[in-house]
Structures are given as C-alpha cells and as structure tokens.
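Enquirer: sequence? don't have it. structure:
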C-alpha cells in the first residue's frame, strides 16, 4: 500500500460500498422497478458532460461499462428518484464519478467488502439476479 492509497482508500471504499449496496438493492427489485431506474440512468447519461449523448450512445455507454460502474450509475439514479436501498442503518450519497470506480485500489475494494458485510450482505449477492449488470 502506497502513501497515496493510505489517504484515498477510505473515500474510495465508501464509494465502492455505495455501489455494491446499489447493486444489491437493484438485484432485489422487480423488472418494473429496474426499468424505472434504467430510464433515469439513461437520462442522466444523456444530460451529463459537456456534450449531450443520443439515447443509443448512452445505452451503449452503460451496457459496455463494468458492473461496478453500472451499479454506481444506478445508485445515483435511485437517489434522484428517492428510491430507498432497503438496507437498515446504511446512509448513502451520490457517487461523484462512477466511471472511476474500477480504477480504485484493491485495498479500497477490500474495505468496501468488509463494510457491506457489516450490514449482513455477502459481496456475491450484490449483483445476483440483476439482468442489467
């Protein structure tokens, strides 16, 4: 673990934790709920950045992204829609840049796995049954 990792791993672990819990929450939802979230994700992607994307470009950007990025985008959509994650005692917030999640350190990921276990969630459950991820 480098000195930089020492200072950033906590913040990165928090963001990964939010994404994992988002993946877990979406995996427990029905198809109608997922469609509402996916609509919001696509709208967010179309409207983000300096240049607007077309619908098909936004969809491609989502579906070609790693699962952790998809989960992060869904977290932000769920927060916009005021959909609760269903994990008692967990407070979440926006993930500033979901596309950065796969670049975070292994130490941050290990901390995130430890964090979600505190809520009784097995990391393998985070994407179970989720057709979008």
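Expert: Arrived safely. Since we're looking at a predicted model, the values are computed, not measured.
Enquirer: ok, residue 117 - contacts?
Expert: By Cβ atoms under 8 Å, 6 or more residues apart in numbering, the contact list for residue 117 reads residue 123. No exception for glycine: its C-beta is placed from N, CA and C like everyone else's.
Enquirer: what's the longest helix anywhere in the chain packed up against?
Expert: For the chain, the helix that runs over the most residues, judged by DSSP state H, is helix 3-27. On a contact count with 3 or more Cβ pairs under 8 Å, 6 or more residues apart in numbering; DSSP states H and E, helix 3-27 meets helix 67-81, helix 106-117.
Enquirer: and the gap between residue 93 and residue 21?
Expert: Distance of residue 93 to residue 21, given as Cβ to Cβ, to the nearest Å: 12 Å.
Enquirer: more neighbours: the two, which one.
Expert: Applying other Cβ atoms under 10 Å to residue 93 and residue 21 shows that residue 21 carries more neighbours, namely 23 against 11.
Enquirer: so the more buried one makes contact with residue 87?
Expert: Yes. With contact defined as Cβ atoms under 8 Å, residue 21 counts as touching residue 87 (5.6 Å).
Enquirer: most tightly packed of the helices and strands packed on helix 3-27?
Expert: Of all those, helix 67-81 has the most neighbours on average by mean count of other Cβ atoms under 10 Å, namely a mean of 23.
Enquirer: what about the protein, any weak spots by pLDDT?
Expert: 1-8, 128-133 (pLDDT under 70).
Enquirer: any idea which residue sits dead centre in it?
Expert: With distances taken as Cα atoms, centre = their mean, the residue of the chain nearest its centroid is residue 72 (2.0 Å).
Enquirer: look up how far residue 12 lies from that residue.
Expert: Noted for residue 72: a distance of 12 Å to residue 12, by Cβ to Cβ.
Enquirer: and residue 99, by the same measure?
Expert: Distance of residue 99 to residue 12, computed by Cβ to Cβ: 14 Å.
Enquirer: with neighbour numbers in mind, choose between those two.
Expert: residue 12 (20 against 14).
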